[in-house]
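Peer 1: how would this look folded up:
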Amino acid sequence: MNQLVEFFSEKGYLISPDLLENLPKDLDKEKFLKLIEEYIKTKEDFIILNKDVFEGLLRENNLFDFNWYEFDKAKVEKEKGNGKIYDTFIDIINYDEKKLNKILTDIKKPELDLNINEEKNNGSNIIVLKSYIEDSKKRNVKDFVSYFKARYITLRNILQGRQELQNVISINKLKNKKNDELVSLIGLICDKKITKNGNIILSVEDLTGEINVLVNKNNNELYNKANDICLDQVIGINGFFRNNFIFVNDLLLPGIPVIKELKKANEEDYAAFISDMHVGNKFFFKDDFEKFLKWLNGEDGNEEQKCVANKIKYLFISGDLVDGVGNYPGQENDLYIKDIYEQYREFVGLIKKIPNTINVIISPGNHDALRLAEPQPAIDKAYIEELYNMKNVFLVSNPSYININSSIYFDGFDVLVYHGMSFNYYASNVESIRKEGGLLKSDLLMKYLLENRHLAPTHTSTSYIPNDKEDVLTIDKIPDIFVTGHIHRCSAINYKGITLINASSWLGQTAFQEKTGLVPEPGRVVLLNLQTRDIKILNFCEDDKCK
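Peer 2: Reported below is the predicted structural model:
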């Protein structure tokens, strides 16, 4: 241990006793040092490495924007009996135990490396950061109150990080303001009206009260922004106070900060994305899906295509694995398999044909055999037991967060998976999206949810189960990749450093889809090069079927 202390002391770091006790005995000092220096770009402040800082370093690369001086001050205050600020730092550090355990294994010396994840994942790292597990209990009104309160607080904290909202006050303190005084507040939209003069009035509430704010129709940019706002969204407001009204100068969403450079992996690996197989429906393109499976196995395509297939490490399937039973009027006439267990049996048979070198991440959708309310837990073992026993298959909830492709020197890509049940609501109720094509514009829908930092901000946009501790549908952590399905379209773009993918279906247009205006683009597979972040879309569907 003395050698370890000397080694890091020479590099400009002191190690506390509590950290020494928790370091792996077979620690690779050089690997650990490289990890520290990769993330901490400056050594202007002398850093004492203790157990808490160490675990933070390993968990989250964005922790390295920490004010380490304030962190040390907070620790001193804790020792004096005031630990509130220090505990807040620790809450941020303790984001996820699984990611820590993975990297702790990686920093051991190679000759003693017992990397269980490598065996499980065939050399392609997967960490399930968040996957909802059902908490069976009776819900009451208090659960809904706690649910919306938790959502408001999370989104309020995000908004308070915006420079334009540094002087936010609560609604109950507006009574102390003079007429025409500039004010800023953060609130939840509880009502929206258009006056007979054509102005928009938003009723906004926070934890202390409610107030009406007015958006003038003569400010076109601001009016259009207000026009796209839906109920229950949490927004920031800048304006001036007059006679118990706020006249709005600007409306601010939680938003996504602009990232100039896309995060990129060191090696050329690929992730593939599909959705909405609907096994059991007569319109399921089974032959085309079998063609896709042959390509994955290197049995089809030219040499370049086979080379790409060989580099696929991850396959995401984002919901509606089977068509289900009783999901829409007359569905029984569309089914060639009318038993739900038989549908899943055929689905499992197809998944088993995927090479075991590819990790398959599977989440449910509204056609699968579980409740419609979100978050949806992973598909029950009773339907797909064989998949639970396969080392390369991961069953996760809808929504879920998955980290892929991490290593000791690279923190991997965080993938947010969401089936997309709220899309229908926002395609109809957000005017700018509706005018652009509604459900035909999946990229606009995904941007809208990201900017609101919520997958279904409006109460009626999707069925949901309230959680009294947190709103699982809140996008509290910005993903590197955001993948959805549900509307049977295919799109893939990069937006503010995030790759947005709406994965294609494997189902032709049914009569019910035609009635609802759903125009599918079946048989497409989105390929993402993790080294370059370039996107390719392969079409496995015969042209006459895809029209």
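
Peer 1: pull the lengthiest helix in the chain out as PDB, backbone CA atoms only.
Peer 2: Taking DSSP state H as the criterion, the chain has its longest helix at helix 141-159. Presented in PDB, the C-alpha positions along helix 141-159 are these (Å, rounded to 0.1, in the frame of the first residue of the first chain):
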ATOM      1  CA  VAL A 141     -54.800  10.100  -5.000                       C
ATOM      2  CA  LYS A 142     -51.700  10.700  -2.900                       C
ATOM      3  CA  ASP A 143     -49.600   8.700  -5.400                       C
ATOM      4  CA  PHE A 144     -50.700  10.900  -8.300                       C
ATOM      5  CA  VAL A 145     -49.900  14.100  -6.200                       C
ATOM      6  CA  SER A 146     -46.500  12.700  -5.300                       C
ATOM      7  CA  TYR A 147     -45.900  11.700  -8.900                       C
ATOM      8  CA  PHE A 148     -46.500  15.100 -10.400                       C
ATOM      9  CA  LYS A 149     -44.600  16.800  -7.500                       C
ATOM     10  CA  ALA A 150     -41.600  14.600  -8.200                       C
ATOM     11  CA  ARG A 151     -41.800  15.400 -11.900                       C
ATOM     12  CA  TYR A 152     -42.100  19.100 -11.300                       C
ATOM     13  CA  ILE A 153     -39.100  19.200  -9.000                       C
ATOM     14  CA  THR A 154     -36.900  17.200 -11.400                       C
ATOM     15  CA  LEU A 155     -37.800  19.500 -14.400                       C
ATOM     16  CA  ARG A 156     -37.600  22.600 -12.300                       C
ATOM     17  CA  ASN A 157     -34.100  21.700 -11.300                       C
ATOM     18  CA  ILE A 158     -33.100  21.200 -14.900                       C
ATOM     19  CA  LEU A 159     -34.700  24.600 -15.900                       C
END
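
Peer 1: low-confidence stretches in the stretch 151-300 of the chain?
Peer 2: Filtered on pLDDT under 70, the stretch 151-300 of the chain yields the residue ranges 260.

Peer 1: mind listing the helices for it?
Peer 2: Secondary structure of the stretch 151-300 of the chain (DSSP state H, counting those that start in this stretch): helices at 220-227, 286-296.

Peer 1: one more: the stretch 401-547 of the chain?
Peer 2: For the stretch 401-547 of the chain, applying DSSP H, counting those that start in this stretch gives helices covering 423-429, 431-436, 442-452, 511-516, 543-546.

Peer 1: so for this protein, the centremost residue is which one?
Peer 2: Centroid-nearest residue in the chain: Leu416, 2.7 Å away (criterion: CA atoms, centre = their mean).

Peer 1: isn't it up against Thr474?
Peer 2: No. Using CB atoms under 8 Å, Leu416 makes no contact with Thr474, being 11.2 Å away. For glycine as for every other residue, the C-beta is placed from the backbone atoms N, C-alpha and C.

Peer 1: need the longest strand for the protein.
Peer 2: The residue-count maximum for a strand in the chain (DSSP state E) belongs to strand 181-194.

Peer 1: strands of the stretch 151-300 of the chain, start to end?
Peer 2: Here the stretch 151-300 of the chain has its strands, by DSSP state E, counting those that start in this stretch, at 181-194, 200-205, 210-215, 234-242, 245-252, 270-274.

Peer 1: same question but for the stretch 351-500 of the chain, I mixed them up
Peer 2: Under DSSP E, counting those that start in this stretch, the stretch 351-500 of the chain gives strands at 359-363, 393-395, 400-404, 413-417, 481-484, 491-495, 498-502.

Peer 1: using JSON lines, lay out the helices of the stretch 401-547 of the chain together with distance to Arg156, mean neighbour count and mean pLDDT.
Peer 2: Shown next, in JSON lines, are these (distance: least, CB to CB, whole Å; neighbours: other CB atoms under 10 Å; pLDDT from 0 to 100):
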{"stretch": "helix 423-429", "distance to Arg156": "22", "mean neighbour count": "20", "mean pLDDT": "95"}
{"stretch": "helix 431-436", "distance to Arg156": "25", "mean neighbour count": "14", "mean pLDDT": "95"}
{"stretch": "helix 442-452", "distance to Arg156": "13", "mean neighbour count": "22", "mean pLDDT": "96"}
{"stretch": "helix 511-516", "distance to Arg156": "36", "mean neighbour count": "13", "mean pLDDT": "82"}
{"stretch": "helix 543-546", "distance to Arg156": "45", "mean neighbour count": "12", "mean pLDDT": "52"}
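
Peer 1: outside of the helix or strand harbouring Gly349 itself, list whatever touches it.
Peer 2: Using DSSP states H and E, Gly349 sits in helix 340-351. Applying CB atoms under 8 Å, 6 or more residues apart in numbering, the contact partners of helix 340-351 are 277, 279-280, 289-290, 293, 321-325, 337, 360, 362, 369, 379, 383-384, 386-387, 390, 393.

Peer 1: quick one, which of these are buried?
Peer 2: 277, 279-280, 289, 293, 321-325, 337, 360, 362, 369, 379, 383-384, 387, 390, 393 (16 or more other CB atoms under 10 Å).

Peer 1: can you redo the helices of the stretch 401-547 of the chain as JSON lines with distance to Glu134?
Peer 2: Compiled in JSON lines, these are given as follows (distance: least, CB to CB, whole Å):
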{"stretch": "helix 423-429", "distance to Glu134": "24"}
{"stretch": "helix 431-436", "distance to Glu134": "32"}
{"stretch": "helix 442-452", "distance to Glu134": "23"}
{"stretch": "helix 511-516", "distance to Glu134": "29"}
{"stretch": "helix 543-546", "distance to Glu134": "38"}
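
Peer 1: and Asn249, which of those helices is closest to it?
Peer 2: Closest approach to Asn249 among those is made by helix 442-452 (19.3 Å; CB to CB).

Peer 1: state the distance from Ile127 to Asn359.
Peer 2: 11 Å (CB to CB, to the nearest Å).

Peer 1: neighbour count winner among those two?
Peer 2: Neighbours were tallied for Ile127 and for Asn359 using other CB atoms under 10 Å; the higher tally belongs to Asn359 (25 against 21).

Peer 1: burial count for the closest residue to Tyr464 other than its chain neighbours?
Peer 2: Spatial nearest neighbour of Tyr464, chain neighbours left out: Glu374 (5.1 Å); criterion: CB to CB, 6 or more residues apart in numbering. By the measure other CB under 10 Å, the count of residues near Glu374 is 23.

Peer 1: what of Leu14?
Peer 2: Neighbour count of Leu14, defined by other CB under 10 Å: 13.

Peer 1: check the one 4 residues further on too.
Peer 2: By the criterion of other CB under 10 Å, Asp18 has 11 neighbours.
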